[in-house]
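**Student:** pasting the structure only:
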Ligand SMILES: [Fe+2]
């Protein structure tokens, strides 16, 4: 059944609710898929949305079992397959057509012995299924361990290029983390033997790197266990326990800066960045890189109360995993969600890791590309 309204049409798409589906004329016209409106090779829209007439409406419209055919009052003709309309039906809920969509799994210390682990060689299997699984675990948990990586200088850079591309920041493309006397002038506390509290890296960037990979070329010291905390989990706890504190942290900019001889990156953003649905999108936290706050005086006390609340949740034992990584291991985190840190360690024996960044968008791209290959096969 087809009903034409003033600015939209309704059709039956066998939705479980048995309610008809509504499609607005401007939306339909904008999403015409003909070769005049979409470039047939690049699949880019060539129709200019702003040029659609304000009074766009069908002169006639017909449905069959397989398609909706519209003759528009601007002279254009469009055809929409019923399957396509079903996949893009926005009447009842937000449709999802993203091949890389996943489901975030929040975790705390209970995951300690179940962190998703992969073997380096298996990630290189020809059918790419293990690589796909790893990318999906990284997407859903934000924390994975890859074992048995080759002990080669710059291996982590090659690994990043195998998965996607290296995300460069101003300091280095490949970062060495080790405590070598004489190198204490390195740009952060990671290059000492001190404890590193859980933090996300580079919160001073407006767009921090999304994926962080730590490759242990040597880990022979006492202590130095790696730690990780799910920032989305602690944010959710804060939301439940103190919704007003959560709200403050979504609205108040925190100023982060990394200032060194190599560069001076600085920006102010909320610790919790929400998406347009109000869901948490980016979590930032780095005690060591936070700089003096310049928010209005009347907000300062409430901000600090909220800031300390989330800081205490981050330190809560039930939220933290702690594990020893061995020589040849790679720890991978979603740096827009999961904090990493390490315990203090003794100066005796070697501890050398190299780290490189990627962006999460490029990992999601890899998921889509592998899935498309599998569908085509
Ligand atoms: Fe770090």
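**Tutor:** Nice, thanks for sending it over. These figures come from a predicted structure and were not determined experimentally. Numbers count the residues shown, from 1 in each chain.
**Student:** next up, phi/psi of residue 339, please.
**Tutor:** Main-chain dihedrals, residue 339, degrees, to the nearest 10: phi -90, psi 150.
**Student:** same deal with residue 346?
**Tutor:** With angles defined as degrees, to the nearest 10, residue 346 shows backbone torsions of phi -80, psi 150.
**Student:** so it sits against residue 193, correct?
**Tutor:** Yes. Using CB atoms under 8 Å as the test, residue 346 is close enough to residue 193 to be in contact (7.1 Å). Where C-beta positions appear, they are placed from N, C-alpha and C, glycine not excepted.
**Student:** need the residues touching each of these two.
**Tutor:** The overlap between the contact sets of residue 346 and residue 193 (CB atoms under 8 Å, 6 or more residues apart in numbering) consists of residue 221.
**Student:** which of the two has more residues huddled nearby?
**Tutor:** Using other CB atoms under 10 Å, the more surrounded residue of residue 346 and residue 193 is residue 193, with 17 against 12.
**Student:** distance check, the more buried one against residue 251.
**Tutor:** Computed with CB to CB, to the nearest Å, the distance linking residue 193 and residue 251 is 38 Å.
**Student:** before we move on, what about residue 140?
**Tutor:** Applying CB to CB, the value for residue 140 to residue 251 is 28 Å.
**Student:** so these two - more neighbours on which side?
**Tutor:** Between residue 140 and residue 251, counted using other CB under 10 Å, residue 140 has the larger neighbour count: 17 against 13.
**Student:** what about that one, which SS state?
**Tutor:** helix (DSSP: H, G, I helix; E, B strand; the rest coil).
**Student:** what sits against it?
**Tutor:** Here residue 140 is in contact with 102-105 (criterion: CB under 8 Å, 6+ apart).
**Student:** save those as a markdown table, and put in secondary structure too.
**Tutor:** Formatted as a markdown table, the entries for these read as follows, by three-state DSSP:
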| residue | secondary structure |
| --- | --- |
| 102 | coil |
| 103 | coil |
| 104 | coil |
| 105 | coil |
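**Student:** most neighbours of all those, which one?
**Tutor:** Looking at these with neighbours defined as other CB under 10 Å, the largest count falls to residue 104 at 17 neighbours.
**Student:** isn't that one up against residue 232?
**Tutor:** Yes. With contact defined as CB under 8 Å, residue 104 and residue 232 form a contacting pair (6.4 Å).
**Student:** for these two, list the residues in contact with both.
**Tutor:** Between them, residue 104 and residue 232 share the contacting residues residue 142, judged by CB under 8 Å, 6+ apart.
**Student:** who does the strand or helix carrying residue 267 pair with, and is each partner parallel or antiparallel?
**Tutor:** For residue 267, the enclosing helix or strand under DSSP states H and E is strand 263-269. Applying DSSP bridges, strand 263-269 is found paired with strand 254-260 (antiparallel).
**Student:** if you average pLDDT over the strand it pairs with, what comes out?
**Tutor:** Here strand 254-260 scores 94 as its mean pLDDT.
**Student:** quick one: contacts of stretch 296-313?
**Tutor:** 234-235, 237-238, 241-242, 244-246, 248-249, 252, 254, 271, 285, 287, 293, 295, 319.
**Student:** give me the mean pLDDT for it.
**Tutor:** For stretch 296-313, the mean confidence score works out to 98.
**Student:** next, the buried residues of that stretch.
**Tutor:** For stretch 296-313, burial by neighbour count (16 or more other CB atoms under 10 Å) applies to 303, 306-307, 309-311, 313.
**Student:** so what's residue 8 up against?
**Tutor:** Residue 8 makes contact with 22-25 under the criterion CB under 8 Å, 6+ apart.
**Student:** need the pLDDT of it.
**Tutor:** The predicted local confidence for residue 8 comes out at a pLDDT of 96.
**Student:** ditto for residue 349
**Tutor:** In this prediction, residue 349 carries a pLDDT score of 80.
**Student:** cool, and residue 54?
**Tutor:** Reading off the confidence values, residue 54 has pLDDT 97.
**Student:** residue 115 now?
**Tutor:** With respect to pLDDT, residue 115 has a value of 98.
**Student:** kindly report the same for residue 184.
**Tutor:** 47.
**Student:** how about the one 10 residues further on?
**Tutor:** The score at residue 194 is 83. That number is its pLDDT.
**Student:** for it, helix, strand, or coil?
**Tutor:** Residue 194 is classified as coil under three-state DSSP.
**Student:** wait, doesn't it sit right on residue 342?
**Tutor:** No. At 9.2 Å, residue 194 does not count as touching residue 342 under the criterion of CB under 8 Å.
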